[in-house]
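with the sequence up front, the predicted model follows.
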Amino acid sequence: MKDLQHLYYFESLLTEANNELVRQAQAQGGLALGYTCYHMPEVLLNLGKCFSVRLRAPRTGSMELATYYMSNATCEYARALLERGLEGGYKFLDALAGVDCCECMNRSMENMQLLKIEGTEKKSFFWSNIDVPCSDDEGCVAHFAEQLGRKVLKPLHESYGIDISEEAIREAVKEHNEVCRLITEIGNFRKLDNPTITGHEFHILTLISYTCPKHLIIDKLRETLEELKTREPDKKKNFRVKVVLIGSEIDDPELVSLIEDSGALVVADRYCYGSFPGRQELILSDDEPVLTQICRQYLQSSLCVRLCATHKVQKRLDYAAQLKDEYHADGIIYEQIKFCTYWSYERAFASHIIQNEYNIPTLSVDRPYMSRSSGQLRTRVQAFVESIEIKKIKAKKAGEVK
Amino acid sequence: MKYYGGCDVGSTYTKCVILREDGKIASAVTIKSKINSEQSAKAAIDQAVLEAEEISKPSELSYLIGTGYGRNKVPFADENISEISCHAMGVHITNPAVKAIIDIGGQDVKGISIDTDGTVSSFSMNDKCAAGTGRFFEAMANAFELSIEDFSNLSLTAKNTIPITSQCTVFAESEVITLVGEGKARDEIAAGIELAVAKRCFIMAKKAGAKNSITLTGGCAKNAGLKKAIEDVLRIKVVELKTDPQLMGALGAAEFARQKGMDKE
């Protein structure tokens, strides 16, 4: 396929957290607000002159500093963030809005705060840590809204004079929704028999939408969508099977690339930093406070494994099967970043149930934060691809293709 | 007569098998891997071609498949297939009754279960850590200043077993040196090492769904002490293969090559 016009530029932006567009927005008076998790509604970090930056630690090498503070049996994403913070990589932030999503992230944020990774230049810098409920009933919605109002909106107003009114939030929702619409429309090309966008390309676009000021990328996203409408796929398919990728945090496009190089095209992304959920529009009514509506939609759409209510557990399984059908995938890959407590449980039982009760071919793997050099991971994915492919070929030969 | 090749470029040894179109082995070679996978593959293929007699150069192979760690570096290969699929196929054509494999190579341990048609039904595999792999045995045998074969035989003479607490190659070596320094019986330490690896294999085999029978493939399959420890731990008979178990990856690749080549023709 012909290269997408902006892809290399987007890819270059992902090589550092404080990228060119972040610096440009700050030079224009913008405030960079860092966050780490879907449960911090990014739309609230995009009020007025603020813009959200979902934190990553690209090009991470060894994590000795963070390991000293957190031990080596902790999530590598949480450690990589602390390492990057200690290296001075997040000094550009004007605030850091964390959530109580897991113990590893709590320890990471706590250490960042104690070790003052924000430096001394940002006089109005503030930290927040939100208690996120583990379900989505109305009590949880009220609690979530109270936390966000008190720990995020209020400090934004008091520290930086940001307008946190209903109107201001609705304005931010408009921009958020446009980005979501664009990403969703772009993602729909993955439903084609021979998709005109790869999982790797789509992951780059999604990551860009999480890590760059939205007003500075929106035109390029629009152009990318237009480009895709006429993009011709390669005549010979460049993949052997299609898969849904489900699991914990992935902010490294190299991982998706490794999977695709092994023959499995990633057609749906159901992981932290993916688009399911994360890139769905927020639908607002005039009947109740906008913050309440946002909180409800975030909690209801969340598929995070920390939400342990029974209906959420079932929803995650059903949604995995739904994505597989909707995107015409041949199987599902469950991945888990090493030492992610929640996913170590979810991956074990979900991959078993999806394989044995939903009868969907499933591969279950754990992986480090940076996976680019893992020959073993490549072998596992390729063997999974072959097991699906060989069975398809044999079934076809036997005239059993449905 | 047409000929088909499979070349398994492992981290320690490179294997090549050439099959005739009737599925019979024309030649099979095993050589020590070089640092460069392409050179290893070329050397193994050249030697296998030489030994096949009926053909004189690699280009006379109708179809060639690369597998193993360096599978995408095999010169002239028509395609590459993962060693997981190839070991399954190799064992399937050698003994179709066997439905589960523990493959212990130079840097990998894998548990593989085989479907009725020789395809993989499930598998599990170690990550980057070399615990329980051929590298682990090399390091342990070195600590004893023995060859791997002598190390294995030593473990079989033990009446008791001294448990090894670490499977990390570095820490286990240090533990072994400490135990030897304390004057503990060397055969019992060796038996403890075999048991530690067998336990790791147990996890892989169980994860892959091993039930009634199992076989060992890869270079470590020739380790009699490990075989005995696995039989003791898994409490199932380890099936001996009539063909060299170290060749299973290359044999499976050659069989895939034969099937694909004949389909193509």
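Sure, I can see it.

does the residue of the stretch 51-200 of chain B found nearest chain A belong to a helix, a strand or coil?
Across the stretch 51-200 of chain B, no residue is closer to chain A than B:Ile84, which sits at 3.6 Å (C-beta to the nearest C-beta). (Glycine included, C-beta is placed from N, CA and C.) Using DSSP: H, G, I helix; E, B strand; the rest coil, the structure places B:Ile84 in helix.

now it, nearest residue through space, not along the chain?
Closest residue to B:Ile84 in three dimensions, ignoring its sequence neighbours and counting by C-beta to C-beta, 6 or more residues apart in numbering or on different chains: A:Ala383, at 3.6 Å.

for whichever helix or strand that neighbour is part of, packing partners?
Remark: A:Ala383 resides in helix A:375-397, with elements defined by DSSP states H and E. Other helices and strands packing on helix A:375-397, by 3 or more C-beta pairs under 8 Å, 6 or more residues apart in numbering or on different chains; DSSP states H and E, are strand A:241-247, helix A:253-261, strand A:264-271, strand A:331-337, strand A:362-367, helix B:83-94, strand B:120-125.

pull out the buried positions in it.
A:376-391 (16 or more other C-beta atoms under 10 Å in any protein chain shown).

before we move on, the earlier item: okay, now the residue of the stretch 51-200 of chain B closest to chain A: neighbour count?
29 (other C-beta atoms under 10 Å in any protein chain shown).

tell me who's in contact with it.
Shown in contact with B:Ile84 (C-beta atoms under 8 Å, 6 or more residues apart in numbering or on different chains): A:379-380, A:382-383, A:386, B:103, B:110, B:112, B:120, B:123, B:125.

same thing with B:Lys199?
Applying C-beta under 8 Å, 6+ apart to B:Lys199 gives the contacts B:Val233.

assign a three-state SS to it, would you?
Once three-state DSSP is applied, B:Lys199 turns out helix.

quick check, the residue in the stretch 251-400 of chain A closest to chain B?
Going by C-beta to the nearest C-beta, chain B is nearest to A:Ala383 of the stretch 251-400 of chain A, at 3.6 Å.

is the spatially closest residue to B:Ala210 that is not a sequence neighbour in a bridge, and if so with what?
Distance criterion C-beta to C-beta, 6+ apart; nearest residue to B:Ala210, sequence neighbours excluded, is B:Ala100 at 3.6 Å. Beta-bridge partners recorded for B:Ala100 (DSSP bridges): B:Ser113.

what is the neighbour count of B:Ala100?
So B:Ala100, with other C-beta under 10 Å, has 25 neighbours.

just B:Lys34 next, same as before
15.

A:Cys134 now?
A:Cys134: 12 neighbours (other C-beta under 10 Å).

do the same with B:Asn36
12.

ok, it to B:Val9 distance?
Computed as C-beta to C-beta, to the nearest Å, the B:Asn36 to B:Val9 distance reads 10 Å.

just checking, the residue nearest to B:Ala210 touches B:Lys110?
No: if you go by C-beta atoms under 8 Å, B:Ala100 and B:Lys110 don't touch, sitting 11.0 Å apart.

between these two, what contacts are shared?
Common neighbours of B:Ala100 and B:Lys110 (C-beta under 8 Å, 6+ apart) are B:Ala208.

before we move on, back to that, average pLDDT for the helix holding A:Ala383, rounded please.
Mean pLDDT, helix A:375-397: 88.

so what touches that helix?
A:240-241, A:258-259, A:261-264, A:330-331, A:333, A:361, A:363, A:365, A:367, A:371, A:401, B:69, B:81-85, B:108, B:117, B:119-121, B:123, B:125-128.

now the contacts of B:Ile84 as CSV including distance to B:Ala44?
Below are the contacts of B:Ile84 laid out as CSV (distance: C-beta to C-beta, whole Å):
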residue, distance to B:Ala44
A:Thr379, 19
A:Arg380, 25
A:Gln382, 21
A:Ala383, 22
A:Glu386, 22
B:Asp103, 19
B:Lys110, 21
B:Ile112, 23
B:Val120, 24
B:Phe123, 25
B:Met125, 24
